[in-house]
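> Got a predicted structure here, sequence first:
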Amino acid sequence: MENQIENSTGNQPVALVTGANQGVGFQIAKELAANGYIVYVGSRNLGNGEKAAADIGFSARAIQLDVTEEATISAAMEHIEKENGRLDLLVNNAGISHAGKPGRSLEEVMAEGRATTASLDEVRKVWETNVFGVIATTQAALPLLRKSSAARIVNVSSGLGSLTWISDPACWAREHFGVVYAASKTALNAVTLSFALELEKEGIKVNAVSPGFTATALNNFQGTDSLEVGSREPIRVALETDGPTGGFTGPDGPMPW
């Protein structure tokens, strides 16, 4: 099978996708399973993860994982190590767009994320998941990734995190750049590059990818792209065992940092 990882034990490649019980994460997990992977469906709520894993099929396994809770991260890695002994692919997909009052429209969320008025408590909560959670999960996964012959880390980012794009006066999304969600993705891009530069000498590939403006719970399903369309690039990068490292791509190709 194309992109299948060859290893000394001949086992199926193993992937962990965080926040995989719905949205883009679910689509990524589903496609990985279709490509021969054992996929751990990370979910804060185990019941939701079990439902998603059942929908995907036999090679998907639910695992309780809250990227803001160190104990669940450690337990998840121990579980994966016990069952497989290694991890070939980590997809850091778990993310939140806000931590304020539920039911707000995308416009309200954007307005309340402005630098001059944003709640610092909301900034901290979103960054705890989108930035610190990625660092914590990646660090915990490294011992297992180092046992793989083709280890990769894929961080699901956003075009809103591109400072080059946002700083262009012609950029349509310029007015939506706030310190809550958008800036957390800029920070995630920096984290991605930091890991990529350090791990390159070990052959571990680390990349950031934007799904585009996909209709998910992140934006109250106001996105313009379907899950299938939005998941294509993250899936392509995730399956690419011999690709580059330290990159940032989106639906239309390379993106500027």
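The structure has been received and is ready for your questions. From a predicted model like this one, the values you see are computed outputs, not experimental measurements.
> Contacts only, for the closest residue in space to D168 that isn't next to it in sequence.
Counting by Cβ to Cβ, 6 or more residues apart in numbering, D168 lies nearest to R174, which is 7.4 Å off, once chain neighbours are set aside. Yep, even glycine has a C-beta here, placed from its N, CA and C like the rest. When contacts are counted by Cβ atoms under 8 Å, 6 or more residues apart in numbering, R174 is found next to I166, S167, D168.
> ok, now E200?
T245, G246.
> so how far is G247 from it?
12 Å (Cβ to Cβ, to the nearest Å).
> got it, and V41?
The gap separating V41 from G247 is 26 Å, by Cβ to Cβ.
> just Q22 next, same as before
Q22 is 26 Å from G247, where distance means Cβ to Cβ.
> What of N11?
Distance, N11 to G247, using Cβ to Cβ: 28 Å.
> And for K82?
33 Å.
> Comparing those two, which shows the higher neighbour count?
G247 (18 against 8; other Cβ atoms under 10 Å).
> So what does that one have for phi and psi?
G247 adopts backbone torsions of phi -110, psi 160, taken as degrees, to the nearest 10.
> thinking it is in contact with S210, fair?
No: look at G247 against S210 with Cβ atoms under 8 Å: they stay out of range, at 11.4 Å.
> For the residue lying closest to S43 once chain neighbours are set aside, which residues are in contact?
Nearest non-adjacent residue to S43, counting by Cβ to Cβ, 6+ apart: G49, 3.0 Å away. If you count contacts by Cβ under 8 Å, 6+ apart, G49 has them with A20, N21, V41, G42, S43, A62, I63, Q64.
> how does it look with 6 Å?
Neighbouring residues of G49 by Cβ atoms under 6 Å, 6 or more residues apart in numbering: N21, V41, S43, A62.
> pLDDT value on S8, please?
As predicted, S8 sits at a pLDDT of 35.
> now the residue nearest to D168: how far from T164?
R174 sits 12 Å away from T164, going by Cβ to Cβ.
> any residues in contact with both of these two?
By Cβ under 6 Å, 6+ apart, no residue touches both R174 and T164.
> Tell me how many other residues surround D252.
D252, neighbours per other Cβ under 10 Å, totals 10.
> What of I135?
16.
> Report the contact partners of it.
I135 sits next to V191 when contact means Cβ under 6 Å, 6+ apart.
> ok, so what distance separates it from A187?
Distance from I135 to A187, by Cβ to Cβ: 10 Å.
> for stretch 230-239, the distance to its chain's centre please.
Stretch 230-239 sits 11 Å away from the centroid of its parent chain (Cα atoms, centre = their mean, to the nearest Å).
> Show me what it is in contact with.
So stretch 230-239 is in contact with 3, 24, 27-28, 31, 35, 91, 154, 156, 207, 209, 211-212, 214, 249, 251, going by Cβ under 6 Å, 6+ apart.
> which residue packs closest to the residue most central in space within the chain, ignoring adjacent ones?
For the chain, the residue nearest the mean C-alpha position is N93 (2.1 Å; Cα atoms, centre = their mean). What sits nearest to N93 in space, not counting adjacent residues and going by Cβ to Cβ, 6+ apart, is G25, at 3.9 Å.
> what number of residues lie near that neighbour?
Other residues close to G25 by other Cβ under 10 Å number 27.
> can I get the CA coordinates of the host helix or strand of it in PDB?
Per DSSP states H and E: G25 is located in helix 23-34. Below are the C-alpha coordinates for helix 23-34, written out as PDB (Å, rounded to 0.1, in the frame of the first residue of the first chain):
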ATOM      1  CA  GLY A  23     -14.400  17.700  12.500                       C
ATOM      2  CA  VAL A  24     -11.100  17.700  10.700                       C
ATOM      3  CA  GLY A  25      -9.500  15.300  13.300                       C
ATOM      4  CA  PHE A  26     -12.100  12.700  12.600                       C
ATOM      5  CA  GLN A  27     -11.600  12.900   8.800                       C
ATOM      6  CA  ILE A  28      -7.800  12.600   9.300                       C
ATOM      7  CA  ALA A  29      -8.200   9.600  11.500                       C
ATOM      8  CA  LYS A  30     -10.700   8.000   9.100                       C
ATOM      9  CA  GLU A  31      -8.400   8.400   6.100                       C
ATOM     10  CA  LEU A  32      -5.300   7.100   8.100                       C
ATOM     11  CA  ALA A  33      -7.300   4.000   9.000                       C
ATOM     12  CA  ALA A  34      -8.200   3.600   5.300                       C
END
